[in-house]
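**Student:** Quick check, what structure comes out for this input:
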Amino acid sequence: MINQIDGPVLLVGHCYGGVVITEAGNNEKVVGLVYIAAFAPDRSESPDLITQQHPPEAAVDLYPDSDGYLWVNAEKYHKSFCQDLNPSESIAMAIAQKGSSCQYLLPPWKMKPFWYQISNQDRMITAENQRKMAERLNTKEVIELDASHVSLASRPDEIADFIIKLLHFLI
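**Tutor:** The predicted structure follows:
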């Protein structure tokens, strides 16, 4: 998909989408990466290994399916994933959630600029793990929001402003 875009690309990833943009970031068109409460794995590291360093509060609400993908218990989704949203907003998220695999490993690269948004009230990836990943990436800028794991839904204006500011930096 990156190759189909004319011009430079800024990748933004949330949660395990951070693993995806880490790998995709090797493409020469990519000019930077933004992690929004996301995993940013290093060499020989998986999201599961990162999570084990500081287990999140909601770890007890995760369960694997027969293929090893992790899911958030739908009945506990609001409490575990998006406690700062209206409970009715979390119903659609719980139903539409995608399972994530925490077993894959991706190669590292650290030659492009990084930015990171930390969610201080995250119950899926602890703020402590997010800070550790942001520090080792040598990020250009880190912002912290008093938000759940879905800061992009509960604090959309701040996330949009952050990304727009980065675009001005890159242009």
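
**Student:** Run through who's touching the helix ranked longest in the chain.
**Tutor:** Criterion DSSP state H: the longest helix present in the chain is helix 156-170. Outside of helix 156-170, the residues within contact range by CB atoms under 8 Å, 6 or more residues apart in numbering are 8, 10, 12, 31-32, 34, 36, 113, 115, 117, 140-141, 143, 145, 151-152. Heads up, the C-betas are built off the backbone N, CA and C, glycines and all.

**Student:** Just flag the most distant two among those residues.
**Tutor:** Greatest spatial distance in the contacts of helix 156-170: Pro8 and Leu145, 26.4 Å, computed using CB to CB.

**Student:** Please report how far the residue nearest the centre of the chain lies from Asn86.
**Tutor:** Centroid-nearest residue in the chain, with CA atoms, centre = their mean: Ala38, separated by 1.9 Å. Note on Ala38: its distance to Asn86, by CB to CB, to the nearest Å, is 24 Å.

**Student:** which residue ranges form the strands in the protein?
**Tutor:** 9-15, 30-38, 62-64, 70-72, 114-119, 141-145 (DSSP state E).

**Student:** okay if I get those as JSON lines plus mean pLDDT?
**Tutor:** JSON lines is the format used below for the strands of the chain (pLDDT from 0 to 100):
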{"stretch": "strand 9-15", "mean pLDDT": "94"}
{"stretch": "strand 30-38", "mean pLDDT": "94"}
{"stretch": "strand 62-64", "mean pLDDT": "83"}
{"stretch": "strand 70-72", "mean pLDDT": "84"}
{"stretch": "strand 114-119", "mean pLDDT": "95"}
{"stretch": "strand 141-145", "mean pLDDT": "96"}
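
**Student:** Kindly state which of those strands is positioned closest to Arg131.
**Tutor:** strand 114-119 (6.1 Å).

**Student:** That closest one pairs with which strands, and in what direction?
**Tutor:** strand 30-38 (parallel), strand 141-145 (parallel) (DSSP bridges).

**Student:** how far is the longest one from where the chain is centred?
**Tutor:** Remark: strand 30-38 is offset 8 Å from the chain centroid, using CA atoms, centre = their mean, to the nearest Å.
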